[in-house]
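Trainee: quick one, structure for this:
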Amino acid sequence: MQQTDSAWDHRKTRFCSRLVMHYLLLSLQHTNTSLLDMSLSRPLVPNDHKVIPIIPPKNRRCDVKRDFPRLLDVGPLPVLYHHLIPSNKKGLPKPPLIHCGYLAEQEFLFAYARQHGLSQECAGDYEGDIMLLKLDTMYAAVKAILEELKISSIRIRLPHVVKQGGGTRIIKLYSNYSMKRIPPTEDVEKLARFLGMEQEQPKWYFDAKKWRWS
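Mentor: The predicted structure follows:
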């Protein structure tokens, strides 16, 4: 059992290293910061992030009234901290579901859908009224964008997540529970350029429903 845990910890460390390098490559495209300078920093939890549920609660469960508002104050995380990657060790709490991705800008996706005849609509309450099925239209637009870019490594996922002050949807790349399916950096960069977010690194968003430790 110790050998199994040790092997998992080794893989977990490799995942973290790969994740940090992923962010470095994206951020260095538009900065003069060297890899050596960046390598001196580690994704330590800053003091303003040392709050539940970013860190696990002790001797209690996560509470909606007490803990959820803290996510609304903090917003998405710039990096995934090491303790938020699930471990196979027995007895350890399981972290919340946290998605890595880019904001799904509704107006951008709606405009793309209109240009390509992808708008999903239904009849309204009154005769002649037409209602836009927003989420269905966003899914159709993202599906078409990934096909246009010939990206197969990123699945079509638009999870509802927590951002500063409320909720939103993002174009998900992967999560802390799918670290073995990190898409290639070139695919992430290609998508970011298409979305006009080439100067932004993807952020980590807590799932709006599965934000608790368990």
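Trainee: what's the helix or strand hosting Val142 packed up against?
Mentor: Following DSSP states H and E, one finds Val142 within helix 134-148. The helices and strands touching helix 134-148, judged by 3 or more Cβ pairs under 8 Å, 6 or more residues apart in numbering; DSSP states H and E, are helix 106-115, strand 166-175, helix 185-195. C-beta here means a position set from N, CA and C on the backbone, and glycine is covered the same way.
Trainee: minimum distance to Pro202: which of these has it?
Mentor: Closest of the helices and strands packed on helix 134-148 to Pro202 is strand 166-175, at 5.8 Å (criterion: Cβ to Cβ).
Trainee: doesn't Trp204 fall inside a strand?
Mentor: Yes - counting by DSSP: H, G, I helix; E, B strand; the rest coil, Trp204 is located in a strand.
Trainee: residues touching it, list them.
Mentor: If a contact means Cβ atoms under 8 Å, 6 or more residues apart in numbering, then Trp204 has 76-80, 84, 98-100, 176 as its contacts.
Trainee: got the contact list for stretch 171-182?
Mentor: 15, 18-19, 22, 80, 84-86, 95, 97-104, 142, 154-155, 157-159, 183, 188, 191, 195, 202, 204.
Trainee: list of residues touching the helix holding Val142?
Mentor: Contacts for helix 134-148 (Cβ under 8 Å, 6+ apart): 104, 106, 109-110, 112-113, 116, 118-120, 152, 154, 156, 158, 169, 171, 191, 194.
Trainee: now with 10 Å, please.
Mentor: For helix 134-148, the surrounding residues in contact (Cβ atoms under 10 Å, 6 or more residues apart in numbering) are 104-106, 108-122, 133, 151-158, 160, 169, 171-172, 187, 190-191, 194-195.
Trainee: so after it, what's the next helix or strand?
Mentor: strand 160-163.
Trainee: show me what contacts the residue nearest the centre of the chain?
Mentor: Central residue of the chain (Cα atoms, centre = their mean): Cys100, 1.8 Å from the mean position. Contact analysis of Cys100 by Cβ under 10 Å, 6+ apart lists 19, 22-23, 76-77, 79-80, 170, 172-176, 178-179, 182-183, 188, 201-205.
Trainee: what about it, which helix or strand?
Mentor: Cys100 is located in strand 98-103, with elements delineated by DSSP H and E.
Trainee: which strands border that strand, and is each parallel or antiparallel?
Mentor: Strands adjacent to strand 98-103 in the sheet, as given by DSSP bridges, are strand 166-175 (antiparallel), strand 203-206 (antiparallel).
Trainee: among those strands, which is nearest Pro56?
Mentor: For Pro56, the closest of the strands paired with strand 98-103 is strand 203-206, at 13.4 Å, according to Cβ to Cβ.
Trainee: for the protein, where's the lowest mean pLDDT among helices and strands?
Mentor: Counting by mean pLDDT, DSSP states H and E, the weakest-scoring helix or strand in the chain turns out to be helix 35-39, with a mean of 30.
Trainee: buried ones among the contacts of Trp204?
Mentor: Under a neighbour-count criterion of 16 or more other Cβ atoms under 10 Å, the subset of these counted as buried comprises 76-77, 79-80, 84, 98-100, 176.
Trainee: max pairwise distance over those: which two?
Mentor: Distance extremes for these: the farthest pair is Val79 and His99 at 13.8 Å, using Cβ to Cβ.
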